[in-house]
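Q: give me the fold of what follows.
(chains A, B, C and D)
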Protein chains: 2
Amino acid sequence: MPEQSKCTMRDVARLAGVSTSTVSAVINETVAVSPQRKIRVLRAMEALDYEPDAIARSLKTGRTNAIGIIVPDITNAFYPEVIRAAEEAAQEAGYSVLLCDSSEDSNLEERHLSALFSRRVDGILLACCVNSRAQQTLSRRRVPAVFVDRLPPASMVNTVCTDNVQAGCLATEHLIGLGHKRIGLLAGHTALSPHHDRLEGFRKAMQEAHLPILDEYLMTGDVQFEDGFDAARRMLHLPVPPTAIMASNNKLLMGVLRAAEEQPLRIPQDVSVLGFDDYLWNEHFNPSLTAIAQPARQIGRKSFELLQQLISGPAAARDSPLHAVFPAELRVRRSTGAPRG
Amino acid sequence: MPEQSKCTMRDVARLAGVSTSTVSAVINETVAVSPQRKIRVLRAMEALDYEPDAIARSLKTGRTNAIGIIVPDITNAFYPEVIRAAEEAAQEAGYSVLLCDSSEDSNLEERHLSALFSRRVDGILLACCVNSRAQQTLSRRRVPAVFVDRLPPASMVNTVCTDNVQAGCLATEHLIGLGHKRIGLLAGHTALSPHHDRLEGFRKAMQEAHLPILDEYLMTGDVQFEDGFDAARRMLHLPVPPTAIMASNNKLLMGVLRAAEEQPLRIPQDVSVLGFDDYLWNEHFNPSLTAIAQPARQIGRKSFELLQQLISGPAAARDSPLHAVFPAELRVRRSTGAPRG
DNA sequence: AGTGTCAAGCGAAACGTTACGATATGGAGT
DNA sequence: ACTCCATATCGTAACGTTTCGCTTGACACT
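A: The predicted structure follows:
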C-alpha cells in the first residue's frame, strides 16, 4: 500500500538527498543529471508515489497543457465524434481537455470563454453558436483558437471544417443525376456557416444544371423536428410538389420522413429523401438513408493539430490564419431514387 | 479596446491605491471592505480588464473548482446526455469539466486518472470500462469520486445509475404481457453492471412468470453490430425460434433488425424487437422501436450533485457511500406486439 | 603550480494568489 | 484622559514548481 501521496518535490529531494532543482531536472530532463543521482531520485519518486503538481508547474511556466473545447450541443451526434478525435490527439500530446457546452446560447458561450481564460488554457477549439460574439472576444486576447465546423463570419481566424458548399453541390448533383428537377431543401439556420454553405452549394448545382430555384421549395430558419415536419408537409401538399427533399439537419430530416409517412408517400418511389450528417443508424432505417458524411474524426484531429501548431509555434506564425477544409462524402443508400414518370 | 489583460492583482492594487490583500478581499468577499475602497477596486479591475488567475488561486487554496469526467465512449449517445447535464450543473456551481474518453481501455483509463490527479481535480465522475482498475486506484487517493452508470464490482463506492434490474424486468414483463413465452436476449457484456443487471432482471421476470430460460435464447459477450446479427440469425433459425428478442445495446439491436430483415421476418408480426437505451430516432424507425429509456439527464445532474456534496461536505461524510438509483421507463412503440397464433 | 573549461549540483527568487497576524483608526464606555 | 473593541487595512509568508546564476570539483592544458 503506497503512500497517501500528499508529497511534494521537497519530500522526494530530501529522501534522495538532493536538492529540489535536481529532482526537477530529472523529471523534465532539462539539464544533465549523473546516472547514480538520477536513479536515487527515481527511486525516491517511486517510493513516495510522487506525482508532480500540474498546478504549481503551470503557475511557474505559464503553460497549462490544457485546451478548451466549446460546442453548441454535445447531444448532436456530430460533435462527440469531433471531440473524441480531438481529445485523443490532445491526450497523445499530453494535453487535457476542458469541455464546455454552450447550449446554443451566446451568453453562456461568453461565460465559458471567460472561465477558460481564467484557467489560462493554452488554446481553444470552438464551434460557435448562433449570434456568437466569440470572434471579437477571442481577438482581444492572445489565446490561440481554432474555429471548428461552425465558423464566424469574420475572416482572419483559423478554421477547420467540411467543404459544405461542395457537400451541398454533391447532394444536389446526385439528385439531379437521378433525374430530379424539383428539389426541396430544408436549409436550416443560414446564419450558421455549414447551413449557409450547403444552401450555396445547392444554388450552384441547380444553376449549373439550368434548373430554377423555387421559393416554395426552400425553407430556412428553425431546425427542430416540428419545423421539418411542417415545412415538408407544406411542400408535399403543393399542386406541383418537389420529387426530392434534402434536409440540412437530422431533426429536420426526421420531420420530412414523418410528413411523407403521413400522406402516405413511399420513399423513394414517391419522394426521395437525403440528409446531411451520416449516423450509424442511417444504414438501418427502412429504407436506409442516403446522406452526406462529414469526416468528423479527421476534423477533430486536425483541429487539435492546428491548435498545437499555434500554441508551440513562434508567435509570428499566428499572423496569417490557418485553414483546413475536408471534402464531404456522399453515401448513396435506398432513400433516393429516380423520380416517377 | 481594453487592455491586453496581462495584468495581475498587483496592477489592480496599484491603480486603486490599495494593497493586494484588499483586492483579494473584494474579489472573494471574505472580509469587509469599506464601500469607497471597494468601488475604487472594482473600477480598477474594470479598467484593466482584470481576470483572476485560477491557477494561482488553486495553488494557494488547494482547490481547483474542476472535476474530471471519464466515459468509456463519448460516441455512445447515452453519455453525451449524461455529460451535458453534469456539465450544466457543474457550470452553475462554478466548476469546470475535464473530459476524458477511455475508449473502453483500462490502461488509458488509468492514464487519464493519473492526469486528473496531477491536475488536482476536486472530484471525479467515472463510467468505468471493462476490466477497470479504477476502483482500486481511486481508493488509494483521497479524491472524491462517483461512479456513474457503469459500476465497479466493489461495493464501498458512491454510485448513480438506472435500476437496470428493474429495467430488465420491465422489458421482459412487457413482452410476457403481450403473450410471449419464448424470449431471446442479447445481454451484452455481463462484466458491465448495466448489462449484468438487465440479465438478472430478465431472469427474475421469467421466473416469476414460470417461464423457462433457454441457453439458445441467451447470448452474452460482444456488443458490436455483427455480433448481434450473428446471434439473432442463429436464434431465428432454431427449430423453435424465440417470438421476441431484446438487445441490451443499440448496435446489437441493429444486428437483430438486420437479421430479421434478411429472412425476411416482419416486425412485430413475426418477431417482436425491443432495445435498451432510447434515442431520438427510435421513434422514426419503421416500425418505431419499443425501448427502455434511461433518465440520462437526471443521472448526469445527480452525479454532479453527489460529487459536490462529497467535495464540500465534511470529510467524515465520505465514510458511508452515497447511492442514487433511478427507475427506467418503458416506451412502447410499434416494434413489439402479440406473438402469432 | 597555475589557469581555464566544463559538467553537475545547489540556493534562492520568482509565478499570482490567499490567509494570517499585526497595525492603524475611531468611537463608546469608564 | 484612559482603556477596550470592533473594524478596516496592510505586510508577508506561504502554496509547489521552474529557472537562473553561482559554486564546486575534476580534469586537461600550459
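Q: distance between the ends of stretch A:200-217?
A: This stretch, stretch A:200-217, spans 15 Å end to end (C-alpha to C-alpha, to the nearest Å).
Q: now do that stretch, average pLDDT.
A: The pLDDT scores in stretch A:200-217 average 97.
Q: what does stretch A:165-182 give?
A: Averaged over stretch A:165-182, pLDDT sits at 98.
Q: now that stretch, how far from the centre of its chain.
A: 25 Å (C-alpha atoms, centre = their mean, to the nearest Å).
Q: outside of it, which residues touch it?
A: By C-beta atoms under 8 Å, 6 or more residues apart in numbering or on different chains, the residues outside stretch A:165-182 that reach it are A:183, A:197-206, A:209, A:211, A:214, A:217, A:240-244, A:246, A:272, A:274, A:276, A:290, A:292, A:294, A:327-328, A:330, A:332, A:336-339. Every C-beta, even on glycine, is put in place using the N, C-alpha and C of the backbone.
Q: now the residues you listed: which count as buried?
A: A:183, A:197-206, A:217, A:241-244, A:246, A:272, A:274, A:276, A:290, A:292, A:294, A:328, A:330, A:336-337, A:339 (16 or more other C-beta atoms under 10 Å in any protein chain shown).
Q: rewinding a little: which ones among the contacts of stretch A:165-182 are found in helices?
A: With helices taken from DSSP state H, the overlap with the contacts of stretch A:165-182 comprises A:197-206.
Q: among those, which are within reach of DNA strand C?
A: The subset of these lying close to DNA strand C, counting by C-beta under 7 Å from any atom of the strand, is empty.
Q: out of these, who's nearest A:Phe78?
A: A:Arg198 (13.7 Å; C-beta to C-beta).
Q: so the closest one sits against A:Ala187, correct?
A: Yes - checked against C-beta atoms under 8 Å, the pair A:Arg198 and A:Ala187 is within contact range at 6.7 Å.
Q: find residues that contact each of those two.
A: A:Ser248.
Q: flag every residue of the stretch 1-150 of chain A that's near DNA strand D.
A: A:8-10, A:20-21, A:24-25, A:27-28, A:30, A:50, A:52-53, A:56-57, A:59-61.
Q: likewise the stretch 201-341 of chain A?
A: Counting by C-beta under 7 Å from any atom of the strand, the stretch 201-341 of chain A has no residue next to DNA strand D.
Q: which residue does the stretch 201-341 of chain A bring closest to DNA strand C?
A: A:Ala315 (17.3 Å; C-beta to the nearest atom of the strand).
Q: what does the helix or strand hosting A:Ile311 contact?
A: In this structure, A:Ile311 sits in helix A:296-312 according to DSSP states H and E. Outside helix A:296-312, the residues that touch it by C-beta under 8 Å, 6+ apart are A:67, A:78, A:81-90, A:93, A:95, A:122-125, A:144-146, A:148-149, A:158, A:160-162, A:317-318, A:322, A:324, A:326.
Q: quick one on the thing from earlier: of the ones in helices among the contacts of stretch A:165-182, closest to DNA strand D?
A: A:Asp197 (43.2 Å).
Q: OK, contacts around the closest one?
A: Shown in contact with A:Asp197 (C-beta under 8 Å, 6+ apart): A:163-165, A:167-168.
Q: so which of those are in strands?
A: Using DSSP state E to define strands, no part of these is located there.
Q: most neighbours, which of these?
A: In terms of neighbours by other C-beta atoms under 10 Å in any protein chain shown, the contacts of A:Asp197 top out with A:Gly168 at 30 neighbours.
Q: give me the distance between that residue and B:Leu253.
A: Counting by C-beta to C-beta, to the nearest Å, the gap between A:Gly168 and B:Leu253 amounts to 33 Å.
Q: can you map out the helices along the stretch 1-150 of chain A?
A: Listed in chain order, the helices of the stretch 1-150 of chain A (DSSP state H, counting those that start in this stretch) span A:9-16, A:20-28, A:35-48, A:54-61, A:78-92, A:106-118, A:134-140.
Q: which one of the residues in the stretch 201-341 of chain A is closest to chain B?
A: When scored by C-beta to the nearest C-beta, the stretch 201-341 of chain A has A:Asn286 as its residue closest to chain B, at 4.2 Å.
Q: name the element that residue belongs to?
A: Using DSSP H and E, A:Asn286 maps to neither a helix nor a strand.
Q: and for it, the neighbour number?
A: For A:Asn286, using other C-beta under 10 Å, the count is 14.
Q: try A:Gln166
A: Neighbour count for A:Gln166, taken as other C-beta under 10 Å: 19.
Q: distance of it relative to A:Glu200?
A: A:Gln166 sits 10 Å away from A:Glu200, going by C-beta to C-beta.
Q: now A:Ala127
A: 20 Å.
Q: A:Leu42: what's it in contact with?
A: A:Leu42 is in contact with A:Val26, counting by C-beta under 8 Å, 6+ apart.
Q: repeat that for A:Val325.
A: A:160-163.
Q: looking at these, spot the one nearest DNA strand D.
A: A:Val160 (30.1 Å).
Q: quick one: contacts for the residue of chain A at minimum distance from DNA strand C?
A: Here the residue of chain A nearest DNA strand C is A:Ala32; by C-beta to the nearest atom of the strand that distance is 2.9 Å. Residues in contact with A:Ala32 (C-beta under 8 Å, 6+ apart) are A:Ala25.
Q: gap between A:Leu257 and DNA strand D?
A: 56 Å (C-beta to the nearest atom of the strand, to the nearest Å).
Q: I'd say that residue and A:Ile267 touch.
A: Yes - applying C-beta under 8 Å as the test, A:Leu257 and A:Ile267 come out as touching, 7.5 Å apart.
Q: what is in contact with those two at once?
A: Contacts common to A:Leu257 and A:Ile267, judged by C-beta under 8 Å, 6+ apart, are A:Val273.
Q: quick check: closest non-adjacent residue to A:Val82.
A: In space, and not counting its chain neighbours, A:Val82 is closest to A:Gly300: 4.0 Å by C-beta to C-beta, 6 or more residues apart in numbering or on different chains.
Q: burial count for the one you found?
A: Counted with other C-beta under 10 Å, A:Gly300 comes out at 27.
Q: for A:Met254, same thing?
A: Residue neighbour count, defined by other C-beta under 10 Å, stands at 21 for A:Met254.
Q: same for the helix or strand it falls within, what does it pack against?
A: Using DSSP H and E, A:Met254 maps to helix A:250-262. If you count contacts as 3 or more C-beta pairs under 8 Å, 6 or more residues apart in numbering or on different chains; DSSP states H and E, helix A:250-262 packs onto strand A:183-188, helix A:225-236, strand A:244-247, strand A:272-276.
Q: in CSV: these, plus distance to A:Asp73.
A: Shown next, in CSV, are the helices and strands packed on helix A:250-262 (distance: least, C-beta to C-beta, whole Å):
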stretch, distance to A:Asp73
strand A:183-188, 13
helix A:225-236, 15
strand A:244-247, 17
strand A:272-276, 16
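Q: how about the residues of the stretch 151-300 of chain A that lie near chain B?
A: Within the stretch 151-300 of chain A, the positions near chain B by C-beta under 8 Å from any C-beta of the partner chain are A:250-251, A:254, A:257-258, A:261, A:279-281, A:284-286.
Q: closest to B:Arg43 among the residues you listed?
A: Nearest to B:Arg43, judged by C-beta to C-beta, of these is A:Lys251 at 47.3 Å.
Q: burial of the nearest residue to that closest one once chain neighbours are set aside, as a residue count?
A: Using C-beta to C-beta, 6+ apart and skipping the chain neighbours, the partner closest in space to A:Lys251 is A:Phe225 (4.7 Å). Other residues lying near A:Phe225 total 21 when counted by other C-beta under 10 Å.
Q: A:Phe225: what's it in contact with?
A: Neighbours of A:Phe225 in contact, by C-beta under 8 Å, 6+ apart: A:251-252, A:254-255, A:258.
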